[in-house]
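Asker: quick one: sequence plus predicted model below, questions after.
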Amino acid sequence: MKISGNSEIIKSNYPDKSQRSAQGSNTDFKDILKESVEKSDAHATQIQQPSRIDSLSSVGFEPELPEDKFSTINRVENLINLLDDYRKQLADPAITLRSIEPVLKTITKEKDQLSSLLDSIPNGEGLKDIVNRALITASLEVMKFNRGDYITS
């Protein structure tokens with residue numbers, strides 16, 4: 001079986017090679033190359049060398065705070081609230097030390113996170129003193145609990 005009539009479809013998709021060579025014959029490769037080299041030479045003369053940096057001593061870098069001030073304040077407030085809950089649970093004789101332990105672990109986590117932020121707070125700021133006092137109080141309470149100061153016989 002012979003199929004005919006497809007040659008017109010194929011010819012419309014693939015242009016003749018003779019048409020392409022006629023278009024390309026107007027300019028030679030060496031002419032195109034010569035033009036591009038001349039253009040690049042013109043651009044090369046306009047390139048300037050960057051100025052040299054002698055020292056970085058005049059550049060002042062501001063240390064980036066990992067969190068903003070309000071977030072730090074919220075964390076300190078959370079730690080103080082946890083310490084207050086811990087104090088109330090210690091005062092209640094019906095609550096055992098074993099049931100207080102999860103609160104103490106949460107206090108320890110908050111204390112560790114806040115202590116990593118302490119160095120990022122500028123020295124002259126009052127917030128640093130508040131954070132430092134809250135961390136000292138939390139550390140002392142964790143140490144007292146682990147040492148067994150609240151065990152009654």
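Answerer: Perfect, thanks for sending it. Small disclaimer: the values here were computed from a predicted structure and weren't measured. Numbers count the residues shown, from 1 in each chain.
Asker: make it CA atoms for all contacts and neighbour counts henceforth
Answerer: OK.
Asker: name the helices or strands packed onto the helix or strand in which L117 is found?
Answerer: Using DSSP states H and E, the element containing L117 is helix 97-118. The contact analysis (3 or more CA pairs under 8 Å, 6 or more residues apart in numbering; DSSP states H and E) places helix 97-118 against helix 69-91, helix 126-147.
Asker: what's the angle from that helix to helix 126-147?
Answerer: For helix 97-118 against helix 126-147, the angle by axes from the mean of the first three to the mean of the last three CA atoms, to 10 degrees is 150 degrees.
Asker: for helix 97-118, what is the average pLDDT?
Answerer: Average pLDDT, helix 97-118: 91.
Asker: kindly report the same for stretch 82-89.
Answerer: Mean predicted confidence for stretch 82-89 is 94.
Asker: next, the buried residues of that stretch.
Answerer: The neighbour-count check on stretch 82-89 (16 or more other CA atoms under 10 Å) flags L82, L83, Y86, Q89 as buried.
Asker: next one: stretch 103-120
Answerer: L104, I107, T108, E110, K111, L114, S115, L118.
Asker: hmm, K128 is touching P122, no?
Answerer: Yes - K128 is within contact range of P122, at 7.2 Å (criterion: CA atoms under 8 Å).
Asker: got a list of contacts for stretch 75-86?
Answerer: With contacts defined as CA atoms under 8 Å, 6 or more residues apart in numbering, stretch 75-86 is touched by I100, V103, L104, T106, I107, E110, K111, L114, V131, A134, A138.
Asker: now do the phi/psi pair for the closest residue to Q89 other than its chain neighbours.
Answerer: Of all residues not flanking Q89 in the chain, I95 sits nearest, at 6.4 Å (CA to CA, 6 or more residues apart in numbering). Here is the backbone geometry of I95 (degrees, to the nearest 10): phi -90, psi 130.
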